[in-house]
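*Asks:* kindly generate the corresponding structure for this input.
(4 chains)
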There are 4 protein chains.
Amino acid sequence: MNFCSDNVTGASPEILSALIAANGGAAMPYGADDITQRLQQRFCDLFETNLSMFPVATGSAANALALSVVAPPYGAIYCHAEAHINVDECGAPELFTGGAKLVTLPGENGKITAEALAHALAHAGIGFVHHVQPAAVSITQATEAGTVYTLEEIRAIAQVAHQYHLPLHLDGARFANALVSLGCTPAEMTWQAGVDMLSFGATKNGAIAAEAVLFFNPEQAAGFEYRRKRGGHLFSKMRFLSAQLEAYLTDDLWLRNAAHANCLAQRLAAGLRKIPGVTLAYPVEANELFVRFPDPILKGLQADGFQFYAWESDGRSMVRLVTAFNTAEADVDAFLSAAQRHSRPIVDEAVDEAIAS
Amino acid sequence: MNFCSDNVTGASPEILSALIAANGGAAMPYGADDITQRLQQRFCDLFETNLSMFPVATGSAANALALSVVAPPYGAIYCHAEAHINVDECGAPELFTGGAKLVTLPGENGKITAEALAHALAHAGIGFVHHVQPAAVSITQATEAGTVYTLEEIRAIAQVAHQYHLPLHLDGARFANALVSLGCTPAEMTWQAGVDMLSFGATKNGAIAAEAVLFFNPEQAAGFEYRRKRGGHLFSKMRFLSAQLEAYLTDDLWLRNAAHANCLAQRLAAGLRKIPGVTLAYPVEANELFVRFPDPILKGLQADGFQFYAWESDGRSMVRLVTAFNTAEADVDAFLSAAQRHSRPIVDEAVDEAIAS
Amino acid sequence: MNFCSDNVTGASPEILSALIAANGGAAMPYGADDITQRLQQRFCDLFETNLSMFPVATGSAANALALSVVAPPYGAIYCHAEAHINVDECGAPELFTGGAKLVTLPGENGKITAEALAHALAHAGIGFVHHVQPAAVSITQATEAGTVYTLEEIRAIAQVAHQYHLPLHLDGARFANALVSLGCTPAEMTWQAGVDMLSFGATKNGAIAAEAVLFFNPEQAAGFEYRRKRGGHLFSKMRFLSAQLEAYLTDDLWLRNAAHANCLAQRLAAGLRKIPGVTLAYPVEANELFVRFPDPILKGLQADGFQFYAWESDGRSMVRLVTAFNTAEADVDAFLSAAQRHSRPIVDEAVDEAIAS
Amino acid sequence: MNFCSDNVTGASPEILSALIAANGGAAMPYGADDITQRLQQRFCDLFETNLSMFPVATGSAANALALSVVAPPYGAIYCHAEAHINVDECGAPELFTGGAKLVTLPGENGKITAEALAHALAHAGIGFVHHVQPAAVSITQATEAGTVYTLEEIRAIAQVAHQYHLPLHLDGARFANALVSLGCTPAEMTWQAGVDMLSFGATKNGAIAAEAVLFFNPEQAAGFEYRRKRGGHLFSKMRFLSAQLEAYLTDDLWLRNAAHANCLAQRLAAGLRKIPGVTLAYPVEANELFVRFPDPILKGLQADGFQFYAWESDGRSMVRLVTAFNTAEADVDAFLSAAQRHSRPIVDEAVDEAIAS
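*Replies:* Numbering: from 1, shown residues only, chains lettered A, B, ... in the order given. Predicted structure coming up:
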């Protein structure tokens, strides 16, 4: 049973069906097809605003391309020290911006704070020619620590960013998980709270490979389409990207998938909290858990064949467990009972064996 | 009926089936899945050599990433003036190489010649610090003019390139069409002729979005995987890219698809040659035709609703017609009879109408 | 005697004196010194307009930095095929723009024409996402062929550029030579004719290493100062750059220097025209001559120790002769009489020797 | 009296004289002149090894170009959080490397430690495709805190770097100050301690604008000359750069200048230590002091017209005082007595005034 990531899963059946349905007949390429046209309107409706939407296939592409239209090469992009854009994209933002600098902020539970941002910007040396110049702020929702910014937190960060005329980008690789967690509308969690650009992720939550870059101020998207093409991210048979996203939004598939994953994460967390010696590094607010196991449990789970990643954060070792749209309740329960079993003192095991024999 | 491009088509059913088959169960991400592992070996077998293979989703990504590992920022990449990398990728090679320069060569029928290349390299100023330095040669097979380099031509170009220690890249967006046209083996058309790196295209010939970058000298691929990730081109659910490519190679699907497209291109060409005033700009050797129609035919075809692109090449106007893996013979015939009909002098039409009434 | 280039010369004594004068006392760095402040005003006065001025040390830096503020990475910069920015800067514009493409135009005598530019722009595919997008036009004055655009020619080019909302950049590495040649004012040759940005060269005409980038629309300079710093082109002891430029402009030193160089170029041209078999490839309008010598003359001059570069242009071999601000009349005359001497048939030489002995 | 920086000074008279001496006659451009040729040998002799030497005009250019030849775009360059390359070059390393990432290390007194570096490299994820890959280590000598790495410290850092096959770059903007401070040879402080590349600064210590990039393994310099040209940093009249460096090295001018500056820094430090309430943030080991003054002293000094920069480091406010090759002993003493005077309690001042009246 594999708890490594929500990208070890396949796709939702509805999304595969949409691909098959999209396959009939000729369609003009590069986004001039009907599905993509419909999708643009669909996103406007969903977010209750006029926005610009660009499908791409990976989250790194979405993030880096979005940032590239707002950050000049001499720009600084403020983000959490453990942000995916800073740590896990092998320098994609630097490539697409032409070498802008990611300036990292510390922050508990994977979140930056408005205060830390304000402090950093106040000391950034705006107009001082020797320093890179503040160009954007990027936060991740849900965060890399599996936590979720409250609307108040987002608003406070946006307020600071906008005070400095900086756009606020939201890396929404797990946007649905966060949205379900907060129980608010897409508009409330984004532009109404001050978010300017969104990497709207679908891949981790049931798509094959599909994300959408949304600009809530369409005029801010100037140049995006050239940068997407230039980055090799403009799909000729775009309808297949758009079809994934359309199916993802249809009949609340995206919300159902995320609700399932979040629910199982809570089930897993609840079970783990009962096991002596097991601690959760961060609040569990979406579909990721960061757990410190006593060594015997850890070794026992690995020996049982459970798969998960060792993780390191703030210099501390832990493991990451991720639940997905299709994680089985039974798998979670199996994991918990295995962990429970390995937590028993060795003397008990000897007794067990005596009884069993 | 749409003759705009082979990218207006959907995908082969076999490829969609492969996606569905790939969907079962968890699979490690980023290429650590079984299908991708199998695919690497499959390509080695197909090309009869030890090679390195990297799936990506678009041809522009394949080309630009391949070139980026061999061309330094101060490098020059030699290609035909109408090469896709020079004209139709919005500067993707420049992005991924960090600003290398595409140096263009003229050439009949969309082909560069070994002679023109040798002349250019002899005057390139190698070691002259003011000039960009030759770093790679790139040819397209089949070419942007719908023609196909012979093995002798490829060998001659490779010989010149290698004399200057330059790798030869082949943009194979329509690799299968060229291979079927030549009737040789993949090995013969590539590394045995001196090709060092190949963008192996599948999208235009039946896949949804799948290409493979092949390095015939695996050590030349150093750094590729970081550049792919950094470019946002490393798919987390890689199995779905690899599954497309695997199905594409299975049971000769790729060759059957290309043979069909080529065959209909010949049928179309044969029919057009019979129509007075219609001329073909280049030899028809793959699945593209570049045609100059008398104005009444052109207007008539457009009025009938046939779709195709206006094209411009060497300052001359023409139209491009592309046949694909799923083009219907009936569509070709309908196109031809419409063209035939519009070619008749107006006086005939009056007669027709008189007779018809 | 060295006719290789105007950069084989040292500096005008006035400029060295200015360095020494600038050396007294402390001065705030990075341009916050008095000389730089004065220089900004000096340039405004000289060009009779409010402009932004940035000293840099090399022409390649001036050109590439100027272009980098107006051309996005997906931009196209239109220039002559033999433009210095295209041929002799090892890709500097590509580095500083993040990979913009130089699109070259042909043109007699080293000049592009408004017509060729208009044709290229009409076929550029503006808004077509697959093509790089027109971003700037750059011309060189005096040109790389030693010719000078007339004011009418500049105006016509500017008109086309502006019709497409493209800024016109002028590479003025030999600005003074062109200005003296035309006998007009700096304003007339630049912003009044439609030039938006100027690389104002001083190095080739008597400075040690000093150029100024001028923006005639100061708001177009946004970001320039960060790009200059980031490019390593912001001098801490800026006063020494500015002092060179100030001395250069004082008492018409720059015009006197250029007039001298141009005058000797005319003297050289006049002498060469009298020698049978010697042809000038282009009109001589500034301080460069491109000459085709009969082989005996060429070999004779080389044997005599005269220094000059072999040149190649449009596939033809020639030599380039450059006169400078400090070229001695006697050197020109020595060159001419040597050329004259080597042009006589061998039989004459034998006679000479007989007579001499 | 200006203690802002060692770049508020002019140049040493010997260096201006060298410029004048270099001005005679024609000289081949771009480094093919006699002075540059001699200088290459001079540096080999000085460093007692075969090295490659490239003059440039600014420290940012030297650092960024040096790093660009060893760090691929997906590379990571390890440096102190307050390193000039990270903080004060507006992203120059990112520009020249094509977007490599500066990974910062903390460290007391402006120095990184071998231990911190080893820890970071052990956790860098080498071979992990999502992370940028370690490519180089850069230290500054003297540091940005005015301290000096001991030879042992450099050796220890080099050992860690080399264990990971990373070259060690040394930013020597104040190389001479550090060398004089340690009292060792140039070879001992560089390649013998494991330094691979050196930005050898002269500008801050008496030159107008001259630095040299040294590669102690000449084969590591491959491509440097193209990158320098492409960066706009290849001077046509190179002799004037080289002449500055030659004069700088002649008769130990560089060492004498640095010894003077260091000596006055010690004098200043000694004086400040005697003033109650004044603290030095770091050991004074070269020519920079970072001082925290009681507010009355600070305000008093400013009112007196003494010039210096406010500084911020580790979130603490202080001022930076820099002595230079030509700082007058009298100026230091004037500064000290002013500080002393402002340190007296207000009651004393009243008494003073009473007495004076």
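*Asks:* what about the longest helix in chain A?
*Replies:* helix A:253-273 (DSSP state H).
*Asks:* which residues does the next helix-or-strand element following it contact?
*Replies:* Later in the chain than helix A:253-273, the nearest helix or strand by DSSP states H and E is strand A:279-280. Contact partners of strand A:279-280, identified using CB atoms under 8 Å, 6 or more residues apart in numbering or on different chains, comprise A:A269, A:L272, A:R273, A:L289, A:F290, A:V291, A:R292. Using the backbone N, CA and C atoms, a C-beta is placed for each residue, glycine as well.
*Asks:* pLDDT score for the first one?
*Replies:* pLDDT for A:A269: 98.
*Asks:* go on, A:D352?
*Replies:* 52.
*Asks:* now swap in A:A330 and tell me
*Replies:* pLDDT at A:A330 comes out at 97.
*Asks:* and the helix or strand harbouring it, is it in reach of chain B?
*Replies:* Counting by DSSP H and E, the element that carries A:A330 is helix A:329-342. No: on the criterion CB under 8 Å from any CB of the partner chain, helix A:329-342 is out of touch with chain B, staying 9.9 Å away.
*Asks:* tell me the angle that helix makes with helix A:253-273.
*Replies:* 20 degrees (axes from the mean of the first three to the mean of the last three CA atoms, to 10 degrees).
*Asks:* what helices and strands are in contact with helix A:329-342?
*Replies:* If you count contacts as 3 or more CB pairs under 8 Å, 6 or more residues apart in numbering or on different chains; DSSP states H and E, helix A:329-342 packs onto helix A:253-273, helix A:295-303.
*Asks:* now that helix: buried residues?
*Replies:* With burial defined by 16 or more other CB atoms under 10 Å in any protein chain shown, the residues of helix A:329-342 counted as buried are A:D331, A:V332, A:F335, A:L336, A:A338, A:A339, A:Q340, A:R341, A:H342.
*Asks:* so for the nearest residue to the third one once chain neighbours are set aside, what's the pLDDT?
*Replies:* In other words, A:F335. Leaving aside its sequence neighbours, A:F335 sits nearest to A:F306 (CB to CB, 6 or more residues apart in numbering or on different chains; 5.9 Å). At A:F306, the model reports a pLDDT of 96.
*Asks:* circling back to that earlier point, let me have the contacts of strand A:279-280 in TSV, extended by distance to C:N50 and neighbour count.
*Replies:* Below are the contacts of strand A:279-280 laid out as TSV (distance: CB to CB, whole Å; neighbours: other CB atoms under 10 Å in any protein chain shown):
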residue	distance to C:N50	neighbour count
A:A269	65	18
A:L272	69	21
A:R273	69	11
A:L289	62	24
A:F290	59	22
A:V291	64	23
A:R292	65	16
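*Asks:* so the residue of the stretch 251-357 of chain A found nearest chain B bridges to which residues?
*Replies:* At 7.9 Å from chain B, A:Q307 is the closest residue in the stretch 251-357 of chain A, using CB to the nearest CB. As for beta bridges, A:Q307 partners with A:N2 under DSSP bridges.
*Asks:* residues contacting A:K229?
*Replies:* For A:K229, the contact set (CB under 8 Å, 6+ apart) comprises B:S60, B:E89, B:C90, B:A92, C:Y74, C:V129, C:H130.
*Asks:* let's see it at 7 Å
*Replies:* By CB atoms under 7 Å, 6 or more residues apart in numbering or on different chains, A:K229 lies in contact with B:C90, C:V129, C:H130.
*Asks:* drop anything exposed from these.
*Replies:* Among the contacts of A:K229, those classed as buried by neighbour count (16+ other CB under 10 Å) are B:C90, C:V129, C:H130.
*Asks:* ends of stretch A:176-187, what's the gap?
*Replies:* Distance across stretch A:176-187, first residue to last, is 13 Å (CA to CA, to the nearest Å).
*Asks:* mean confidence score for that stretch?
*Replies:* 98.
*Asks:* what comes up buried for it?
*Replies:* Counting neighbours by 16+ other CB under 10 Å, stretch A:176-187 gives A:A176, A:N177, A:A178, A:L179, A:V180, A:S181, A:L182, A:C184, A:P186 as buried.
*Asks:* surely the second one and A:A142 touch.
*Replies:* Yes: under the criterion of CB atoms under 7 Å, A:N177 makes contact with A:A142 at 5.1 Å.
*Asks:* what residues do the two have in common as contacts?
*Replies:* The contact sets of A:N177 and A:A142 overlap at A:A286 (CB under 7 Å, 6+ apart).
*Asks:* picking that back up, wait, the residue of the stretch 251-357 of chain A closest to chain B touches A:N2, no?
*Replies:* Yes: assessed by CB under 7 Å, A:Q307 is found in contact with A:N2 at 4.4 Å.
*Asks:* have a look at those two and say which one is more surrounded.
*Replies:* Set A:Q307 next to A:N2 and count neighbours by other CB atoms under 10 Å in any protein chain shown: A:N2 wins out with 18 against 15.
*Asks:* tell me the pLDDT at that one?
*Replies:* Looking at A:N2, the pLDDT reads 93.
*Asks:* that one and chain D, how far apart?
*Replies:* The gap separating A:N2 from chain D is 18 Å, by CB to the nearest CB, to the nearest Å.
*Asks:* same check on A:R267?
*Replies:* Noted for A:R267: a distance of 29 Å to chain D, by CB to the nearest CB.
*Asks:* correct me, but that residue touches A:D331?
*Replies:* No: applying CB under 7 Å, one finds A:R267 not in contact with A:D331, separated by 10.5 Å.
*Asks:* all the helices of the stretch 101-250 of chain A, residue numbers only.
*Replies:* Listed in chain order, the helices found in the stretch 101-250 of chain A under DSSP state H, counting those that start in this stretch are A:114-122, A:151-163, A:175-182, A:186-189, A:224-230, A:239-249.
*Asks:* show me which residues of chain A are close to chain B?
*Replies:* Within reach of chain B by CB under 7 Å from any CB of the partner chain, chain A has these residues: A:2, A:5, A:7-11, A:16, A:19-20, A:23-24, A:26-29, A:57-58, A:60-61, A:64, A:90-92, A:95, A:203, A:208-209, A:226, A:229-233, A:235-237, A:240.
*Asks:* list buried residues within these.
*Replies:* A:2, A:5, A:7-11, A:16, A:19-20, A:23, A:26-29, A:57-58, A:60-61, A:64, A:90-92, A:95, A:203, A:208-209, A:226, A:229-233, A:235-237, A:240.
*Asks:* restricted to strands, list these.
*Replies:* Nothing among those maps onto strands, per DSSP state E.
*Asks:* tell me the domain ranges of chain A?
*Replies:* Here the domain parsing of chain A from automatic domain parsing is A:13-253, A:255-356.
*Asks:* against chain C, how distant is the residue of the stretch 101-250 of chain A found nearest chain D?
*Replies:* Relative to chain D, the nearest point of the stretch 101-250 of chain A is A:H130 (4.4 Å; CB to the nearest CB). Distance, A:H130 to chain C, using CB to the nearest CB: 6 Å.
*Asks:* spatially nearest residue to that residue (excluding sequence neighbours)?
*Replies:* Leaving aside its sequence neighbours, A:H130 sits nearest to D:D88 (CB to CB, 6+ apart; 4.4 Å).
*Asks:* ditto for A:M53
*Replies:* Nearest non-adjacent residue to A:M53, counting by CB to CB, 6+ apart: A:F43, 4.6 Å away.
*Asks:* where does the stretch 1-150 of chain A have low pLDDT?
*Replies:* Within the stretch 1-150 of chain A, no stretch has pLDDT under 70.
*Asks:* run the last query once more with 90
*Replies:* A:1, A:24 (pLDDT under 90).
*Asks:* near chain C, which residues of it are found?
*Replies:* A:Y30, A:P72, A:P73, A:Y74, A:G98, A:V129, A:H130, A:Q133.
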